[in-house]
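[1] Next come a sequence and a model predicted from it.
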Amino acid sequence: MKKAEQYGAELAERHGSLVEKTVAELYRRHPEMKARYGAAGRERCREDIAYHCLVLSESMNAADANIFLRYVAWGKSVLVNRNVRTDDLIDCLLIMKEVIAETVSEATEQLAEEQIQLALDSFESFADMPPSCIDPSSSLSNLANSYLEALLSSDREQARKVIQSGGRNGLGMVDIYRYVFQPVQREVGRLWQVNQISVAQEHYCTAATEMLMGEVSAGKLEAKHDGHFFVGACVAGEQHAIGIRMVTEVMEAQGWRTYLTGANTPTASLVEMVKRLNVDVLGVSCATAMHLPAVRQLIGAVRDCGQRTRVVLGGKMFNEFPDLWKKMGADGFAEDAVSAVRVAGKLVGRALSRMER
């Protein structure tokens, strides 16, 4: 095990103790928090600190402080746009640093302190309002924005008409997925982050997009399968499945035999499927650092099961850190459905399609 991974592993091993000590010390220093947030607030605080510690350990594992920095920046944006004090987050990070120093080895403490201090030093520079996920320079940005507007107006029929207009103008399934559905879903997530839509609205947008994906994919030409087998999945705990669904449907349209397990798939079930179906490529989606331990566990289990299955990683987490897949021990990374077809095909020596060239 590399040194960075040893340090991250030590922090992970002490996770429960670190969380409880940090919560206790935070409330000891700030007794007013009990009245401010109530009993439920303490439990929510415990959950948040558990995430802080988990992401920090993963950032240390990857020897990439930007993972923790990006996470803290996201947290600041969530708080600022909900008019919640950011001082609590800063105090929490300071106390975490102290508790870690008392709990782990000197080498682990030094690396953790460096990353926490870097986040504290950078805190004021983190943007309150991250930019839109819809690229204004894209030739299809107007279509994507029209589709988003329909979703935010809870007008699914208008959203359908927007997509149908794209089809009439020559857009195929891959273009609609890549330049409309994908950026719009990312933008929906950003809008929740900055408190411009509710969780219910976010879920509505996702459900509407999934329904329209079914309509768009139903009109695609049936491709002749060449025998190569692709399974698309989200690791245990990961609920963001729309991206891996897009990947799987594009793979099928390009001639792959496919199987989609969707969200929150237990490792043991995936490994059993890999063995039973003799899977060529397993595509795994991960949106947040909190689920990286499950990704690492899954890759290890696939390696140990005796199959020659290749693992390709994707999702928001790996799009933000394009070299992270190598540190996880995967065989490849795909930023979207089109690159997934190209990367998976290269791994199994499959001839390129016209779309991939």
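    Structure's in. What do you need?

[2] Let me know how buried Gly189 is, in neighbour terms.
    17 (other CB atoms under 10 Å). Backbone N, C-alpha and C define where each C-beta goes, glycine included.

[3] Kindly confirm my reading that Gly237 forms part of a strand.
    No - counting by DSSP: H, G, I helix; E, B strand; the rest coil, Gly237 is not found in a strand; it is coil.

[4] just for this protein, where's the confidence low?
    1-2, 219-224, 351-357 (pLDDT under 70).

[5] what residue lies at the spatial centre of it?
    Centroid-nearest residue in the chain, with CA atoms, centre = their mean: Ala287, separated by 0.6 Å.

[6] Under a three-state scheme, what state does that one occupy?
    coil.

[7] right, and it touches Leu313 too?
    No - using CB atoms under 8 Å as the test, Ala287 is too far from Leu313 to be in contact (11.6 Å).

[8] what does stretch 93-108 contact?
    3, 6-7, 10-11, 14, 17-18, 21-22, 25-26, 29, 49, 52-53, 56, 60, 72, 109, 112-113, 116-117, 119-120 (CB atoms under 8 Å, 6 or more residues apart in numbering).

[9] Could you list the alpha-carbon positions for that stretch in PDB?
    Extracted in PDB, the C-alpha atoms of stretch 93-108 (Å, rounded to 0.1, in the frame of the first residue of the first chain):
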ATOM      1  CA  LEU A  93     -12.900  22.100  10.300                       C
ATOM      2  CA  LEU A  94     -10.700  23.700  13.000                       C
ATOM      3  CA  ILE A  95     -11.800  21.300  15.600                       C
ATOM      4  CA  MET A  96     -11.500  18.300  13.200                       C
ATOM      5  CA  LYS A  97      -7.900  19.300  12.800                       C
ATOM      6  CA  GLU A  98      -7.300  19.300  16.500                       C
ATOM      7  CA  VAL A  99      -9.100  16.000  17.100                       C
ATOM      8  CA  ILE A 100      -7.100  14.300  14.300                       C
ATOM      9  CA  ALA A 101      -3.900  15.500  15.800                       C
ATOM     10  CA  GLU A 102      -4.800  13.800  19.100                       C
ATOM     11  CA  THR A 103      -6.000  10.600  17.500                       C
ATOM     12  CA  VAL A 104      -3.800   9.400  14.600                       C
ATOM     13  CA  SER A 105      -0.100   9.000  13.900                       C
ATOM     14  CA  GLU A 106       2.100  12.100  13.300                       C
ATOM     15  CA  ALA A 107       2.500  11.400   9.600                       C
ATOM     16  CA  THR A 108      -1.200  11.000   9.100                       C
END
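
[10] before we move on, back to that, now the residue nearest to the centre of the chain, what are its backbone angles?
    phi -100, psi -30 (degrees, to the nearest 10).

[11] Identify the residues contacting it.
    Glu238, His240, Gly243, Gly315, Lys316, Met317.

[12] try 6 Å
    Contacts for Ala287 (CB atoms under 6 Å, 6 or more residues apart in numbering) come out as His240, Gly315, Lys316, Met317.

[13] doesn't the first one fall inside a strand?
    No - if the criterion is three-state DSSP, then His240 is coil and not within a strand.

[14] re the thing from before, compute the distance between the residue nearest to the centre of the chain and Lys346, please.
    Distance, Ala287 to Lys346, using CB to CB, to the nearest Å: 25 Å.

[15] For burial, what's the neighbour tally of the nearest residue to Val235 once chain neighbours are set aside?
    The shortest distance from Val235 to any residue other than its chain neighbours is 3.9 Å, reached at Ala294 (CB to CB, 6 or more residues apart in numbering). Ala294 sits with 20 neighbouring residues when counted by other CB under 10 Å.

[16] Identify the residues contacting Ala294.
    Val235, Ala236, Gly237.

[17] Strands along the protein, start to end?
    229-234, 257-262, 281-285, 310-314, 332-333 (DSSP state E).

[18] So which elements touch the third one?
    Read that as strand 281-285. strand 229-234, helix 242-253, strand 310-314 (3 or more CB pairs under 6 Å, 6 or more residues apart in numbering; DSSP states H and E).

[19] what comes up buried for the top helix by length along the chain?
    Across the chain, the longest stretch assigned as helix under DSSP state H is helix 32-61. Neighbour-count burial for helix 32-61 flags 33, 37, 45-46, 48-61 (criterion: 16 or more other CB atoms under 10 Å).

[20] Considering the contacts of Ala294, which possesses the most neighbours?
    Neighbour counts for those, by other CB under 10 Å, peak at Val235, which reaches 25 neighbours.

[21] How many residues are close by Phe123?
    Counted with other CB under 10 Å, the neighbours of Phe123 add up to 16.

[22] do you know how far it is from Asn195?
    Phe123 is 19 Å from Asn195, by CB to CB.

[23] contacting residues for Gly329?
    Applying CB under 6 Å, 6+ apart, we find Gly329 in contact with Ile299.

[24] Would you map out the domains in this protein?
    3-125, 141-218, 229-348 (automatic domain parsing).

[25] The longest one: how far from the chain's middle?
    Offset of domain 3-125 from its chain centre (CA atoms, centre = their mean, to the nearest Å): 20 Å.

[26] Repeat that for the shortest one.
    Average the C-alpha atoms of domain 141-218, do the same for its chain, and the two points are 19 Å apart (CA atoms, centre = their mean).
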